[in-house]
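Trainee: could you look at this predicted model? Sequence included:
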Amino acid sequence: MSTSPRSSRSSGSFASGRQSPIHGFDSSAALILVPESEEGANSAPFDFSSDDETEDETNIQSERAQPSSVPPLSSITVFLYLLSPCLKLGALLVPAGDLPLKVALPVLFFFAALSALTRQIWYMLARYVRRADLEEIILETYARERGREGMRWLLRQVVRFNAGVFRILLSSMYLRASADILLPLVPKELTQASMTIILAVAASPLYFGRSLASKRVIYATWLSVASWVAWFSCTAYARGKGIAVPTGNSTSLGVLWQDVSTIAFAFTTSSTVSLYAALRGTIQSVNTRPKRSQSFKLLSALSVGLAVLCILPLVLFQASGTPAASQESPSTTVKYLTAVSNAATLTLSIPSVLITAPSLPIPFSIRRVTDFPLSKIIIYLVVLALSVTPLSVSSVLSDVVLVLAFLSTYMLPAFLHITLHNFKRPLSIIVPPNTPSPNSGARTAAASDSRHDELLQRKERTLQRRRLGRRLVWDLGVWVLLVPVGGGGLVWAAGRIARKW
C-alpha cells in the first residue's frame, strides 16, 4: 500500500504563488509549501481542501468523494442515520432513572453538546487528512510515512476488528433487550431464547440489504423512529393520566448502566465519518454550489437538537413523576403497546447497526463458487448466539458495549485531533524572511514579491489572527473530552466494576 502524502497549502492568497521545494527553500518567502510527492496525484482519491477550519461551505465544492463502504445518500437519509442512534436504548431507559431535575438537565445538555462537538471533530479530521473513512484517518495519523506498510496493515486490522466487535455486541444487546421486554407478556412456555430467535428471524430479511442505501434498511430505520414515537406517546399518556409507566427495562444490563451513563450512551454515534462521505458523494459536479441541505454541519446540529427535544420530556417525566403509591396500574392495552413499541424500536435498529460491520475474510476459493452471503450469515448467527448467553455473561457484554461506545464517541476523536495537531508535521511551515538559502541566488529577484507584497501579507496575518481564537477553543474542547470526560468516565467505570461506589 502506498502512503498518502498530504498537500500543504496556505490560504488562497498564496495558493497561486511559486513552488517552493522543502529542500533548498526560498529564504525570501514568508511562507513555503510542502509539495506533493510524485505519488501524490495518484494516491489521494479523496481530494479534500486542506483548509479544514473555513466557515464557507462553498470551499468544499472541489471535494470529490472517495470510494467508501457507504454509497451516496440523500440529505434526509443522512439526517435519519444521524438522529436514529439517539432514539434507542439510552433514550428508552431515561424514564426509569431517578436523577433530580437540577442534575438531569445539565447532564442532558452536556452530553448533547459533547456529541455535537465530537461530530464536528470527525468532520474536521476528515477534511484535514482528506480521507472520509475511519480506517484512513487512523492510518494517516499513525502510519503515514513511507516504509510502514506493516504498521498500516496491522492498524487496519485492529480498526476493522474493533468496529466489527462493537457492532456485533451492540446488535446482540438490542436483540436481548427486546426479548427481555416482551417476555413478561407472552406465555410462560416461551423461553427467553425462543423469543430471541423469533425476533432474530423476523428482523433477518431487513438485515440482508446491500448497504445503508438499501431501501429495506432505510425503511426499517424509519419504522424504528416511528415506533419510538409510539412508545413516547404511550409514556406521555401514562404520565398524564397518573398511570405507572411500564418501563420494560432489560434485565440483562450490567452495573455500568446508571442514570448518567444512560444519557451519555444516548448521544453516542459510530458512523459519523462514513455518513459524511455518503453525503459528499451526492455532489455530482465540482462546479455546482452545494445546497444548504447538503451541509453536514447543519444536519449534525439539527439531529442533535431534535434528539434533545425528544429526550428532554423524558427527563422531566422521571424527575417529576407521581409517587408510586398514588399511581394506577397500567391497563393491558397500555402495557402491551408500550412494550411492543419499545421492543420494535430496538429490533428494527439492528439492520442499520449490523450492516456496516466489516465483512469476514472468506477465502476466495469459497467466494468464487457461490454468491451466498456467508459473511453476513455468520455474523448474524454470532449476534444470535451472544444474545442467548446466560444473564451473567450478557450483563458483562452490555458493560463492554457501553465502554466501547463511550471510547469511540468521546475519546477517540479527541485523541486523534491532539495527535495530528500537536505531534505531526503542520500543513504550513513559516520561514523567517532572513533565513539563508544556498540555492536562492538566481531566484532572489523573481521570488521576493511575496515578501514585499504588503497586501497579501496583511491578509495572511488577519486570517491567522481570526483563526487563533477558534483553534484555542477547539484545543480546549478536545482536551476536555480527553481528560475530564474520558479519563473521569473510565475511572468511574473502573470503580463501579470494582464495587467501590
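Mentor: Looks like it arrived, so ask away. Numbers count the residues shown, from 1 in each chain.
Trainee: please export the C-alpha coordinates of stretch 330-339 as PDB.
Mentor: Below are the C-alpha coordinates for stretch 330-339, written out as PDB (Å, rounded to 0.1, in the frame of the first residue of the first chain):
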ATOM      1  CA  PRO A 330     -51.500   0.400  33.600                       C
ATOM      2  CA  SER A 331     -54.200  -1.200  31.500                       C
ATOM      3  CA  THR A 332     -53.400  -4.200  29.400                       C
ATOM      4  CA  THR A 333     -53.600  -2.100  26.300                       C
ATOM      5  CA  VAL A 334     -51.100   0.500  27.500                       C
ATOM      6  CA  LYS A 335     -48.800  -2.200  28.800                       C
ATOM      7  CA  TYR A 336     -48.800  -4.100  25.500                       C
ATOM      8  CA  LEU A 337     -48.500  -1.000  23.300                       C
ATOM      9  CA  THR A 338     -45.600   0.300  25.400                       C
ATOM     10  CA  ALA A 339     -43.700  -3.000  25.400                       C
END
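Trainee: check contacts around the spatially closest residue to residue 312 that is not a sequence neighbour.
Mentor: For residue 312, the nearest residue in space outside its immediate sequence neighbours is residue 108; the separation is 6.6 Å by C-beta to C-beta, 6 or more residues apart in numbering. No exception for glycine: its C-beta is placed from N, CA and C like everyone else's. Neighbour list for residue 108: 263, 308, 311, 312, 315 [criterion: C-beta atoms under 8 Å, 6 or more residues apart in numbering].
Trainee: distance of residue 108 from residue 94?
Mentor: Applying C-beta to C-beta, to the nearest Å, one obtains 9 Å for the distance of residue 108 from residue 94.
Trainee: give the residues shared as contacts by the two.
Mentor: Overlap of the contact sets of residue 108 and residue 94 (by C-beta under 8 Å, 6+ apart) consists of 263, 311, 315.
Trainee: which residues are contacting stretch 477-485?
Mentor: Contacts of stretch 477-485 (C-beta under 8 Å, 6+ apart): 114, 117, 118, 121, 410, 411, 413, 414, 415, 417, 418.
Trainee: could you check the pLDDT of the fifth one?
Mentor: At residue 410, the predicted lDDT confidence score is 94.
Trainee: what's the burial count for it?
Mentor: If you count neighbours by other C-beta atoms under 10 Å, residue 410 ends up with 23.
Trainee: can you show me the helices along the stretch 201-350 of the chain?
Mentor: In the stretch 201-350 of the chain, the helices defined using DSSP state H, counting those that start in this stretch lie at 215-240, 259-266, 272-280, 296-319, 332-347, 350-354.
Trainee: any figure for the gap between the closest residue to residue 169 other than its chain neighbours and residue 265?
Mentor: Of all residues not flanking residue 169 in the chain, residue 401 sits nearest, at 4.8 Å (C-beta to C-beta, 6+ apart). Noted for residue 401: a distance of 9 Å to residue 265, by C-beta to C-beta.
Trainee: with neighbour numbers in mind, choose between the two.
Mentor: residue 401 (27 against 23).
Trainee: that one touches residue 167, doesn't it?
Mentor: No - the pair residue 401 and residue 167 does not pass the contact test of C-beta atoms under 8 Å, sitting 9.9 Å apart.
Trainee: just to revisit the earlier point, just the buried ones out of the contacts of stretch 477-485, please.
Mentor: Buried by 16 or more other C-beta atoms under 10 Å: 114, 117, 118, 121, 410, 411, 413, 414, 417, out of the contacts of stretch 477-485.
Trainee: can I get these in TSV including distance to residue 220 and secondary structure?
Mentor: Shown next, in TSV, are the buried ones among the contacts of stretch 477-485 (distance: C-beta to C-beta, whole Å; DSSP: H, G, I helix; E, B strand; the rest coil):
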residue	distance to residue 220	secondary structure
114	28	helix
117	29	helix
118	26	helix
121	29	helix
410	28	helix
411	30	helix
413	28	helix
414	32	helix
417	34	helix
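Trainee: circling back to that earlier point, wait, is the residue nearest to residue 312 part of a helix?
Mentor: Yes - read with DSSP: H, G, I helix; E, B strand; the rest coil, residue 108 is one of the residues of a helix.
Trainee: and it, how far from residue 83?
Mentor: To residue 83, residue 108 is 16 Å away according to C-beta to C-beta.
Trainee: now do residue 481
Mentor: Distance from residue 481 to residue 83, counting by C-beta to C-beta: 22 Å.
Trainee: do the same with residue 138
Mentor: According to C-beta to C-beta, residue 138 stands 26 Å off from residue 83.
Trainee: so which bits of the helix or strand that contains the residue nearest to residue 169 are buried?
Mentor: Assigned by DSSP states H and E, residue 401 belongs to helix 391-406. Within helix 391-406, the residues that count as buried by 16+ other C-beta under 10 Å are 394, 395, 397, 398, 399, 400, 401, 402, 403, 404, 405, 406.
Trainee: touching, the second one and residue 250? I think so.
Mentor: No - under the criterion of C-beta under 8 Å, residue 395 is not in contact with residue 250, lying 9.6 Å apart.
Trainee: shared neighbours, these two?
Mentor: Counting by C-beta under 8 Å, 6+ apart, residue 395 and residue 250 have no shared contacts at all.
Trainee: contact partners for residue 169?
Mentor: Going by C-beta under 8 Å, 6+ apart, residue 169 touches 386, 397, 400, 401, 404.
Trainee: same question for residue 401.
Mentor: 166, 169, 170, 173.
Trainee: before we move on, back to that, among the shared contacts of residue 108 and residue 94, who's most crowded?
Mentor: Greatest neighbour count in those, by other C-beta under 10 Å, goes to residue 263: 25 neighbours.
Trainee: surely residue 387 meets residue 168?
Mentor: No - the pair residue 387 / residue 168 is not scored as a contact, 10.1 Å apart, by C-beta under 8 Å.
Trainee: and the next helix or strand past the helix or strand bottoming out on mean pLDDT in the chain?
Mentor: Using mean pLDDT, DSSP states H and E, the weakest-scoring helix or strand in the chain turns out to be helix 40-43, at a mean of 38. Toward the C-terminus, helix 40-43 is succeeded by helix 75-83 as the next helix or strand (DSSP H and E).
Trainee: quick revisit: just put the contacts of residue 108 in TSV and tack on distance to residue 463 and pLDDT.
Mentor: Listed next are the contacts of residue 108 as TSV, based on distance: C-beta to C-beta, whole Å; pLDDT from 0 to 100:
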residue	distance to residue 463	pLDDT
263	39	95
308	34	96
311	39	95
312	39	95
315	42	92
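Trainee: columns distance to residue 360 on top of the residues you listed, output as JSON lines?
Mentor: As requested, those are exported to JSON lines (distance: C-beta to C-beta, whole Å):
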{"residue": "263", "distance to residue 360": "34"}
{"residue": "308", "distance to residue 360": "38"}
{"residue": "311", "distance to residue 360": "36"}
{"residue": "312", "distance to residue 360": "41"}
{"residue": "315", "distance to residue 360": "41"}
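Trainee: low-confidence ranges, the stretch 51-200 of the chain, go.
Mentor: Applying pLDDT under 70 to the stretch 51-200 of the chain flags residues 51-69.
Trainee: which residues of it fall in helices?
Mentor: Along the stretch 51-200 of the chain, the stretches classed as helices by DSSP H, counting those that start in this stretch are 75-83, 89-93, 101-129, 134-142, 149-182, 192-207.
Trainee: just these: most buried one?
Mentor: Ranked by mean neighbour count, the helices of the stretch 51-200 of the chain are led by helix 89-93 with a mean of 25 (mean count of other C-beta atoms under 10 Å).
Trainee: what are the contacting residues of that one?
Mentor: The contact list for helix 89-93 (C-beta under 8 Å, 6+ apart) reads 173-174, 177, 228, 231, 247, 249-250, 257, 262-268, 307, 310-311, 314, 342, 345-346.
Trainee: so what's the gap between that helix and the chain middle?
Mentor: Here helix 89-93 is found 18 Å from its chain centre; the criterion is C-alpha atoms, centre = their mean, to the nearest Å.
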